[in-house]
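# Could you work out the structure for the sequence below:
(one chain, ligands or ions: 3)
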Amino acid sequence: MGTVVEAANKGASGSILEKRKPTIVFVLGGPGSGKGTQCANIVEHYGYTHLSAGDLLRAEIKSGSENGTMIQNMIKEGKIVPSEVTIKLLQRAIEESGKDKFLIDGFPRNEENRAAFEKVTGMEPSFVLFFDCPEEEMERRLLSRNQGREDDNIETIRKRFKVFLESSLPVINYYDAKGKVRKIDAARPVEEVFGSVKAIFEPKNEKAD
Ligand SMILES: Nc1ncnc2c1ncn2[C@@H]1O[C@H](COP(=O)(O)OP(=O)(O)OP(=O)(O)O)[C@@H](O)[C@H]1O
Ligand SMILES: Nc1ccn([C@H]2C[C@H](O)[C@@H](COP(=O)(O)O)O2)c(=O)n1
Ligand SMILES: [Mg+2]
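Residues are numbered from 1 along each chain as shown. Ligands and ions are numbered 1, 2, ... in the order given. Model prediction:
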């Protein structure tokens, strides 16, 4: 008998996650667009569980795992870690939480992430929240974030912007073509951005005739 993660890795037909059918919302946007900030608000108001792919990878580095050095080098270079590693971390976090509504922040970051997630879990997101923000504003925010992140320096930030444009935007366009993207103007103050987020998460007040 394998572990839950191994069973899920066998593909859609053997996916434990597919059987549990959790609600998944992908939260995407450029580096510094405010994904983490708004996820914290959504958790507080709507009872979702927040899973940040970047946070899980940083925790993996700290844990001293055998992949730690590889992950650290890739993050420093602003590159995307292979899906196999990130999906295992996400699956484990979903399984261990025992919860059923997830904000998956910063994933999928490229086509490989997207295709592998769907294949391994057999799941698609309910929708994709896309925080749209100009680069100049994101750069200002990242340079003043002050959380000690190794990738918040101007050289790595420029690499992350390039990867976002070349690899992550196509994923957003993929889901947009399926009518799943909810785009938000993220260049406004936090409370204003959250006002737009709320409009998406509030249950619709359908009028009966
Ligand atoms: N609407 C906003 N206006 C001004 N500053 C903001 C806004 N939203 C977030 N910030 C600040 O910008 C910085 C980046 O925000 P946050 O960490 O939420 O972005 P992120 O999209 O998760 O970035 P990353 O992809 O690098 O993890 C933080 O210091 C945060 O406090
Ligand atoms: N799906 C992902 C998400 C993140 N990473 C790596 C590369 C990112 O630059 C870094 C930081 O992510 P953030 O906290 O900004 O969301 O983590 C990745 O390789 N794959
Ligand atoms: Mg973040």
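
# Residues of the chain that sit close to ligand 1?
Residues of the chain found near ligand 1 (CB under 6 Å from any ligand atom) are 29, 31-37, 54, 106, 141, 145, 189-190, 193. Using the backbone N, CA and C atoms, a C-beta is placed for each residue, glycine as well.

# just the buried members of these?
Neighbour-count burial (16 or more other CB atoms under 10 Å) applied to these gives 29, 31-36, 54, 106, 141, 193.

# related to what we said a few turns ago, please list which of the residues of the chain next to ligand 1 are also close to ligand 3.
35-36 (CB under 5 Å from the ion).

# from the residues of the chain next to ligand 1, which is closest to ligand 2?
Nearest to ligand 2, judged by CB to the nearest ligand atom, of the residues of the chain next to ligand 1 is residue 54 at 2.1 Å.

# Quick check: mean pLDDT of stretch 126-136?
Averaged across stretch 126-136, pLDDT comes to 98.

# quick one: buried residues of that stretch?
127-131, 133, 135.

# any idea how far residue 200 is from residue 147?
Distance of residue 147 to residue 200, given as CB to CB, to the nearest Å: 27 Å.

# Actually, residue 149.
On the measure of CB to CB, residue 149 and residue 200 end up 28 Å apart.

# And for residue 156?
For residue 156, the distance to residue 200 - CB to CB - is 31 Å.

# Kindly report the same for residue 61.
Residue 61 sits 33 Å away from residue 200, taking CB to CB as the criterion.

# And for residue 26?
Taken as CB to CB, the span from residue 26 to residue 200 is 13 Å.

# Those two: which has the busier surroundings?
residue 26 (26 against 13; other CB atoms under 10 Å).

# residues in contact with that one?
By CB atoms under 8 Å, 6 or more residues apart in numbering, residue 26 lies in contact with 104, 107-108, 125, 127-129, 175.

# Just the closest of those residues to ligand 2, please.
Nearest to ligand 2 among the contacts of residue 26: residue 107, at 4.0 Å, using CB to the nearest ligand atom.

# Buried ones in whichever strand or helix holds residue 57, by neighbour count?
If you go by DSSP states H and E, residue 57 is part of helix 53-62. Buried positions in helix 53-62, judged by neighbour count with 16+ other CB under 10 Å: 53-54, 56-58, 60-61.

# repeat for stretch 93-112
For stretch 93-112, the neighbour count (16+ other CB under 10 Å) marks 93-95, 102-110, 112 as buried.

# near ligand 2 too, which of the residues you listed?
Within these, those near ligand 2 by CB under 6 Å from any ligand atom are 106-107, 109.

# And the residues you listed, which is closest to residue 79?
residue 109 (9.8 Å; CB to CB).

# quick check, the closest one in a strand?
No - using DSSP: H, G, I helix; E, B strand; the rest coil, the assignment for residue 109 is coil, not a strand.

# what does the longest helix along the chain contact?
Assignment by DSSP state H gives helix 83-97 as the longest helix of the chain. The contact list for helix 83-97 (CB under 8 Å, 6+ apart) reads 4-5, 8-9, 16-17, 22, 49, 51, 53, 56-57, 60, 67, 71, 102, 104, 107-108, 112-113, 116-117, 120-121.
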